[in-house]
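> quick one, structure for this:
(4 chains)
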2 protein chains.
Amino acid sequence: MTSTDGAPLRPTRQRRAVIDALASFDDFRSAQEIHDLLGRRGDPVGLATVYRTLQRLADAGEVDLLRTEDGEAIYRRCSDTHHHHLVCRSCGATVEVEGPTVERWTRAIAAEHGYDDVSHALEIFGTCAACRA
Amino acid sequence: MTSTDGAPLRPTRQRRAVIDALASFDDFRSAQEIHDLLGRRGDPVGLATVYRTLQRLADAGEVDLLRTEDGEAIYRRCSDTHHHHLVCRSCGATVEVEGPTVERWTRAIAAEHGYDDVSHALEIFGTCAACRA
DNA sequence: CGATGAGTTGACAATCGTTCTCAACTAGAC
DNA sequence: GTCTAGTTGAGAACGATTGTCAACTCATCG
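Here you go, the predicted model:
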């Protein structure tokens, strides 16, 4: 928990493998799915290591971490600017969206109630054009 | 999963106990905390029953279900209108907030990307006035 | 009142995602 | 090559949640 960050973070085969995997898909995947993917791909990485790596990346803000309805953690590489997700509830297709509107609104609402040091989590769910057909 | 709803839902001591417990606090609590609370209060209800009851209530929209950072489910009774939560990240104090701004924004963004049948989840975290001191 | 049957309960086992443990194993610095 | 701190993987451990199933509770009907 002491993300004192001083950690050097060595570039190992395993870390590279996980990062490569993340680069190979555009939707959110669970740690286990990524672990399986690596195994099938012939670049096996221990499950614990996958979890550890994903955790580090998430801490560093290099991947997004979401929770499915039943609390499972799912990951996806992401751009480093603050943004939200528009996720298709049937096929999982994800679009990163952003806009000052919500940012402003949440800050205002929080201030109004005396809350400080504000952050927020917003996910939008819908049915994408393809799935509607 | 077939929430055909036809279920009568008998008002038992246990169900009443859980509902009473929910009425006795204003922040989000985990199923286990509620289970403990009931035990201490001398109105013991089996853990499985607490989970089952909370689930039913959540399905019926009578309680809000949130996920903590580490994926644990936490519950709280709620008003039945659509709203969001402003949660103090240190003491858990919660304020229900709502406003047309976000609703409008999310719908617009979704439409812009061809997404239909939109819903969204927004939680705001911050430090409340009391905790800042 | 007693029989009946569907809904409900609770102790406990079972799942399943995730984290921990720890000895063996690097990657780089000297 | 030697050292040392960081890293890895197999498997155990954990913790929240769900499943199992026999006992129980109620409302209803005779």
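> rest of the way, CA atoms for contacts and neighbours
Fine.
> tell me the secondary structure at the residue nearest the centre of chain A.
Nearest to the centroid of the C-alpha atoms of chain A, with distances taken as C-alpha atoms, centre = their mean, sits residue A:64, at 1.7 Å. Assigned by DSSP: H, G, I helix; E, B strand; the rest coil, the conformation of residue A:64 is strand.
> the one 10 residues further on now?
Using three-state DSSP, the three-state assignment for residue A:74 comes out as strand.
> check what pLDDT residue A:25 gets.
In this model, residue A:25 is scored at 89, pLDDT.
> before we move on, what about residue A:3?
39.
> next one: the one 5 residues further on
The pLDDT attached to residue A:8 in the predicted structure is 61.
> next one: residue A:98
pLDDT, residue A:98: 86.
> return the residues in contact with the residue of chain A found nearest DNA strand C.
Using C-alpha to the nearest atom of the strand, residue A:73 is the residue of chain A that sits closest to DNA strand C, at 3.6 Å. Applying C-alpha atoms under 8 Å, 6 or more residues apart in numbering or on different chains to residue A:73 gives the contacts A:30-31, A:65-67, B:71.
> out of those, which touch DNA strand C?
A:30-31 (C-alpha under 7 Å from any atom of the strand).
> farthest pair in the contacts of residue A:73?
A:31 and B:71 (14.1 Å; C-alpha to C-alpha).
> higher neighbour count, the two?
A direct count of neighbours by other C-alpha atoms under 10 Å in any protein chain shown for residue A:31 and residue B:71 places residue A:31 higher, at 23 against 16.
> now the more buried one: how far from chain B?
Distance of residue A:31 to chain B, given as C-alpha to the nearest C-alpha, to the nearest Å: 14 Å.
> so who does that residue touch?
Contacts for residue A:31 (C-alpha under 8 Å, 6+ apart) come out as A:47, A:50-51, A:54, A:73-75.
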